[in-house]
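> For reference, the sequence and a predicted model appear below.
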Amino acid sequence: MITQAQLRQLPLFAQAGEETVALFARNSADVRFGPDEWIFHEGESPRFWLLLEGSVEVLKSIAGRLTTLARWDAGDSFGEVPILLNTCTLAGVKATTTVRLARVDPSVFWQMMHRDENFSHVVLANMSKRITRVEQVAIDTPEERCTIRGDSRSPGCHELRDFMTRMHVAYSWEERAGNACELRFSDGSVLDSPTIQQLAQALGLSAVPHRSCYDVAIVGAGPAGLAAAVYGASEGLQTLLIEAYAPGGQAGMSSLIENYLGFPTGISGEDLADRAFRQAQRFGADIVVTREVRSLQGEPGERYLTLDDGQVVRARTVVLAPGVKYRRLPAEHCDDFLNRGVYYGAAQTESSRVNGRTIHLVGGGNSAGQAALYFSSYAQSVKIVIRGGDLRKDMSEYLVDRVAHQPNIAIATHSEVAAVGGNDHLERIALRTRDGATTWEPSDGLFVFIGATPNTAWLKGFVACDERGFILTPNFLETNQPGVFAVGDARKDSIKRVAAGVGEGSSAIALVTAYLRSLTVSP
């Protein structure tokens, strides 16, 4: 219990009125944390804190790195900045020693601010110092962690830039001719045309599992896999999440998700994936990126996952969330221009390159609609190409209405892309209508959002799939292999929505927990 006498000894309340001190003492929570424990993370709902014992450090992710902004000791208070600015926490705070803190909600903080001039004077003085510190950090901190030099038309450069964007790592770009791509980091190190895995290692991202055995291994870091990682780790399970590329899956390439619960103004797939990624890390999940699982074998309670370099990871249970990939567009010469003007998904890294130009999108689902709206802010014209006669067949009504009211978006109905052409980069596409007539149109970018195929070939019959490769789950998310569960878009008959994937991922962990409990019961 925090007493008024204790508070009076601290600078914040040295000149405050009796009513203010009593209000704080009466409404404050007395909380304690051990060394290296997070008191709160960047992006959380704010509260006002008073440090009674110990010390803490303030940490913020800047240009992809966790940076220490300040250190506070007993007697310091914090949390006023996001409350006064009506925003989420701008940085995280972590205990460096055993700490004891007093915590009050914003409503109590506002009462004290309104009633006590001495209290508000101290708080505003602290806020002024901290805003000045943030300004200095903004001036001193480089805008990016590295500079990428290469040809924007090079497929290799596109992949590196896309990975950096998906992982929320800031970089600058310098155009130069040639297929070689150079990455020059702020510490002076240089990588010449690195693989994605080499880049991940240079960025400090884990590419190697740290344990020999896990309670649950999750394959795929789309919404379903990320949800499973968050819930698995938060339940205290030794959790491994393996992702072949970057977190987010197909949802991670969506420019804006507007119908996901809790985000009234929408959120990009990239931001949603990044938040979930950091949330899983916070709970202690072991996350490995740029690694593929090549096979799954073993017996119930003793499963073995073989990775692309031959490393074998043992897990008591497995959650399959490998997701799907866009089906290849069967247009003549299309593969010749992959990542050189033809892209699968939104490829937001290309937005600045298509500024003021003409682009086409193939597909009529929600992803295509959101991408069209996103690119319409950059491109001179955007044309959506669909085989059907109406976007309403596959696209949500709110998107159809917005697309219809965007003056630089056109719809080509009853049409398909028959061929593409150009020199070293896409320059034109051939549109074929239902009656067989074909016309060539100039195009600076073709973005494909058509039917998907599941990433399940590596299961090689060990887990039962249907004729199209979608995983069968006869026992509510559980496959034909006991203790092996499937969630998300790769599961047969799943609902292809972010919210559905998140629900399946979290539900699978409840089943994992029950299964692990059954393994401990004596026969």
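Received it, and whenever you're ready, just let me know what you need.

> how near is Ile384 to Phe48?
For Ile384, the distance to Phe48 (C-beta to C-beta, to the nearest Å) stands at 49 Å. To be clear about C-beta, it is placed using only N, CA and C from the backbone, and glycine gets the same treatment.

> what about Val463, which SS state?
Val463 falls in the coil class when you classify it by DSSP: H, G, I helix; E, B strand; the rest coil.

> Tell me who's in contact with it.
296, 320, 456, 471, 479-481, 484, 486 (C-beta atoms under 8 Å, 6 or more residues apart in numbering).

> Buried only: go through the residues you listed for me.
Among those, those classed as buried by neighbour count (16 or more other C-beta atoms under 10 Å) are 296, 320, 456, 471, 479, 481, 484, 486.

> Excluding chain neighbours, what is closest to the residue nearest the centre of the chain?
For the chain, the residue whose C-alpha lies nearest the mean C-alpha position (C-alpha atoms, centre = their mean) is Ala273; its distance is 1.7 Å. Using C-beta to C-beta, 6 or more residues apart in numbering and skipping residues adjacent in sequence, the residue nearest Ala273 is Gly248, 3.2 Å away.

> Need the pLDDT of the one you found.
In the predicted model, Gly248 carries a pLDDT score of 92.

> again with Asp140
63.

> Next: Ala228.
According to the prediction, Ala228 has pLDDT 98.

> How many neighbouring residues does it have?
Residues near Ala228, counting by other C-beta atoms under 10 Å, number 35.

> Then the one 3 residues further on?
Counted with other C-beta under 10 Å, the burial measure for Tyr231 works out to 24 neighbours.

> ranges for the helices of the chain?
Assignment of helices within the chain using DSSP state H yields the ranges 4-8, 18-27, 80-85, 106-115, 117-140, 155-166, 196-202, 223-234, 269-282, 366-375, 397-404, 498-520.

> any low-confidence regions in the stretch 201-350 of the chain?
Counting by pLDDT under 70, the ranges of the stretch 201-350 of the chain that qualify are 347.

> mind listing what Arg468 touches?
Taking C-beta under 8 Å, 6+ apart, we find Arg468 in contact with 453-454.

> scratch that, Gly301 is what I was asking about
The contact partners of Gly301, by C-beta under 8 Å, 6+ apart, come to 316-317, 483, 519.

> what's the farthest-apart pair in those?
Maximum pairwise distance among the contacts of Gly301 (C-beta to C-beta): 8.9 Å, between Thr317 and Leu519.

> which one of the two has more residues nearby?
Between Thr317 and Leu519, counting by other C-beta under 10 Å, Thr317 is the more crowded of the two (27 against 13).

> Is that one bridged to anything, and to what?
On the basis of DSSP bridges, Thr317 takes part in beta bridges with Val216.

> Would you confirm that it contacts Thr513?
No - in this structure, Thr317 is not within contact of Thr513 by C-beta atoms under 8 Å, at 9.2 Å.

> Switch the buried ones among the contacts of Val463 over to TSV; also include distance to Gly345.
Rendered in TSV, the data for these read as follows (distance: C-beta to C-beta, whole Å):
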residue	distance to Gly345
Leu296	26
Leu320	22
Thr456	19
Ile471	22
Thr479	28
Gln481	31
Val484	28
Ala486	23
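
> Which of these fall in strands?
Using DSSP state E, 296, 320, 484, 486 are the members of the buried ones among the contacts of Val463 that sit in strands.

> Let me know the closest of the residues you listed to Gly225.
Relative to Gly225, and with distances defined as C-beta to C-beta, the nearest of these is Leu320, at 8.8 Å.

> Enumerate every residue touching the nearest residue to the closest one once chain neighbours are set aside.
Setting aside the residues directly before and after it, Leu320 is nearest to Ala486 in space (C-beta to C-beta, 6+ apart), at 4.4 Å. Shown in contact with Ala486 (C-beta under 8 Å, 6+ apart): 319-321, 463, 471, 473, 477-479.

> Pick out the most distant pair among those.
Pairwise distances across the contacts of Ala486 peak at 13.9 Å for Ala321 and Glu478 (criterion: C-beta to C-beta).

> ok, the two, which is more surrounded?
For Ala321 against Glu478, the residue with the higher neighbour count under other C-beta under 10 Å is Ala321, and the figures read 33 against 18.
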